[in-house]
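Asks: Next come a sequence and a model predicted from it.
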Amino acid sequence: MIRLAANLSMLFTEHDFLDRFAAAADAGFHGVEYLFPYAHAPERVAEALRDSGLEQVLFNLPPGDWEAGERGLASLPGREDEFRGSVVEALRYAEALACPRVHAMAGLLPEDADDEIREAHHATYLANLRFAASEAASAGRELLIEPINTRDMPGYFLSRQDQAVAVLESVGADNLRLQFDLYHCQIMEGDLIRHLERLLPHIGHVQIAGVPERHEPDVGEVHYPAVLKRLETLGYRGWVGCEYRPAAGTRDGLGWGKPYGLVS
Ligand SMILES: O=C(O)C(=O)[C@H](O)CO
Ligand SMILES: [Mg+2]
């Protein structure tokens, strides 16, 4: 069975953040994810979640200075203390929200990155993920890494599935898993169903969006009914995060989700 989670950083933005939980429940979602809850006290977010009856399925560690263009800390040499603090903060919120998994964004390479700089980022990334996975395991949580396409996020340190698998295998933590975003994979590599089949043992969470505009899943080049059917027949029991920008109003665009219980 496909279980859809509304990404409240992109969906229901017609409402204030804490009101989006009820809007998602009303539209037939059973789970929510978003980028960052940190603008609100954990108890306030927990109250909105509880009142909506939804499950919290994912959110991200603090990413550094997002407004200044930073996109995560995990691979940034010299920012290790800040990254460690971000792990503690994310796990504090995960406890309050009973959220089973959190995503550590890798960060950006400098434009002039040479092999030495790339290697420094790689070494920092592995060391930080070892720390974060250990802390998350102690808290009973999973830690996710996600390849992100370099058209939307130029310079992002982790951009391909084979790179992510090599990192997972190097760190070797059972609770370090892959956040498999089909939108990014289609842009960078394509071959989605074969990637799903090969990567399934590593997958801790899936996200979907239409390609190339990142609108509803039924807008664009990916035939999601076939992809989601294969995900189901592969026995995936996790969540599918709907991480897309509605082409018009959120509810107006939910018709694609009717087979999965959504109400437009
Ligand atoms: O960009 C994405 O697809 C994500 O899922 C990150 O968590 C936020 O950039
Ligand atoms: Mg994603």
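Replies: Yep, it's here. Numbers count the residues shown, from 1 in each chain. Ligands and ions are numbered 1, 2, ... in the order given.
Asks: For Tyr34, give me its contacts.
Replies: With contact taken as C-beta atoms under 8 Å, 6 or more residues apart in numbering, Tyr34 is in contact with Asn7, Leu8, Ser9, Phe17, Phe59. All C-beta spots, glycine's among them, are computed from the backbone N, C-alpha and C.
Asks: Do you have the helices of the chain handy? List them.
Replies: Under the criterion DSSP state H, the chain contains helices at 20-26, 42-52, 80-97, 115-138, 161-171, 182-188, 192-199, 224-233.
Asks: From the rest of the structure, what touches the second one?
Replies: This points to helix 42-52. In contact with helix 42-52 (C-beta under 8 Å, 6+ apart) are residues 18-19, 21-22, 24-25, 32, 37, 56, 92-93, 95-97.
Asks: switch the cut-off to 6 Å
Replies: Leu18, Phe21, Ala22, Ala25, Pro37, Gln56, Tyr93, Ala96, Leu97 (C-beta atoms under 6 Å, 6 or more residues apart in numbering).
Asks: okay, the fifth one: pLDDT?
Replies: Which is Pro37. Pro37 is assigned 98 on the pLDDT scale.
Asks: Next, count neighbours for it.
Replies: 27 (other C-beta atoms under 10 Å).
Asks: So the nearest residue to it once chain neighbours are set aside versus Leu54, what's the distance?
Replies: Spatial nearest neighbour of Pro37, chain neighbours left out: Val45 (4.8 Å); criterion: C-beta to C-beta, 6 or more residues apart in numbering. Val45 sits 11 Å away from Leu54, going by C-beta to C-beta, to the nearest Å.
Asks: Poorly predicted segments of this protein, please.
Replies: Under the criterion pLDDT under 70, no range of the chain is flagged.
Asks: What about the closest residue to ligand 2 within it, how many residues nearby?
Replies: Distances between the chain and ligand 2 by C-beta to the ion are smallest at Asp181, namely 3.6 Å. Neighbour count of Asp181, defined by other C-beta under 10 Å: 20.
Asks: Kindly report the same for Glu89.
Replies: Neighbours of Glu89 using other C-beta under 10 Å come to 14.
Asks: Count the neighbours of the residue lying closest to it once chain neighbours are set aside for me.
Replies: Once flanking residues are discounted, Glu89 sits nearest to Pro62: 5.8 Å by C-beta to C-beta, 6+ apart. Neighbour count of Pro62, defined by other C-beta under 10 Å: 23.
Asks: Please apply the same query to the one 3 residues further on.
Replies: Neighbouring residues of Asp65 were enumerated by other C-beta under 10 Å; the total is 10.
Asks: Please report phi then psi for Asp174.
Replies: phi -60, psi -30 (degrees, to the nearest 10).
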